[in-house]
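> Sequence and predicted structure, then a few things I'm wondering about:
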Amino acid sequence: MTAPPDPDALHPMPEHPGMVFLKPLLARTPQVANVIAGDFSYYHDHEDPLRFLELCVRYNYGFGSLAIGRYCAIAHRATFLMPGANHAMAGPSTYPFGIMGGAFAEALPLTEYPWRGGGPIVVGNDVWLGTECLVLPGVTIGHGAVVAARAVVSKDVPPYAVVAGNPARVVRMRFDADTIAGLLDIAWWDWPAERVARAVPALVKGDLAALTRA
């Protein structure tokens, strides 16, 4: 068997420049330390995948974080909304007076605004994010989950769930509870890539017994 793909190669398929592995892409911008991705997770864009941070990670002002696991497939313009998108909602107005400067900023420092919270965004391993879906701050998407195109994910997604709609709701579970527990216990995404390569037939065809033996 030949060697697995190189997870540090920016373009794993040179003949398809619209696809990039995220880990080496993010390594090009070490100043953006609050966005990380694991080995083999890729982003595909019909125009320019190199603009992932600009076009897909919105309102990233350095607070909050985005962590993407291994072996994730992220489709065109799937978007992560960072906590900087939130407005204060404690008073009658949600308008961000303080960022406009002048007397508006002098009236109340930004440090005193009752900003809404927004925790980290965590995308598990082996997650498929569909075209133009939107993931809001503080959301955790479990391992093996699938997010439909243009879904708006405002709440946590269980492992191996398929979610769709606005707001995103669980449409179905990909497997029964015992199978999901077995897959989470196996945690194949933590295996060395060579071992994963040998297990590809079982991973793709859904042979849990063969995967357990692997």
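Good, I have the coordinates.
> contacts, neighbours, all on C-alpha from now
OK.
> Which helix or strand in this protein has the lowest average pLDDT?
Across the helices and strands of the chain, mean pLDDT, DSSP states H and E gives its lowest value to helix 208-213, namely a mean of 83.
> Mind listing what's buried along that helix?
L211 (16 or more other C-alpha atoms under 10 Å).
> And for stretch 157-176?
V157, P158, P159, Y160, A161, V162, V163, A164, G165, A168, R169, M173.
> same deal with stretch 72-90?
72-84, 86-87.
> Which one of those is nearest to A105?
Of all those, A105 sits closest to H87, with 15.2 Å by C-alpha to C-alpha.
> secondary structure class for V171?
Local secondary structure at V171 is given as strand here, using DSSP: H, G, I helix; E, B strand; the rest coil.
> Same check on A197?
Applying three-state DSSP: A197 is helix.
> excluding its backbone neighbours, what's nearest it?
Using C-alpha to C-alpha, 6 or more residues apart in numbering and skipping the chain neighbours, the partner closest in space to A197 is P4 (6.7 Å).
> re earlier: could you name the helices and strands sitting against the least confident helix or strand of the chain?
helix 177-186, helix 193-205 (3 or more C-alpha pairs under 8 Å, 6 or more residues apart in numbering; DSSP states H and E).
> Just the CA trace of it, in PDB.
Once non-C-alpha atoms are left out, helix 208-213 reads as follows in PDB (Å, rounded to 0.1, in the frame of the first residue of the first chain):
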ATOM      1  CA  LEU A 208     -18.500  -1.800  12.300                       C
ATOM      2  CA  ALA A 209     -17.300  -5.300  13.000                       C
ATOM      3  CA  ALA A 210     -14.400  -4.900  10.500                       C
ATOM      4  CA  LEU A 211     -13.700  -1.500  11.900                       C
ATOM      5  CA  THR A 212     -13.400  -3.000  15.400                       C
ATOM      6  CA  ARG A 213     -11.000  -5.600  14.200                       C
END
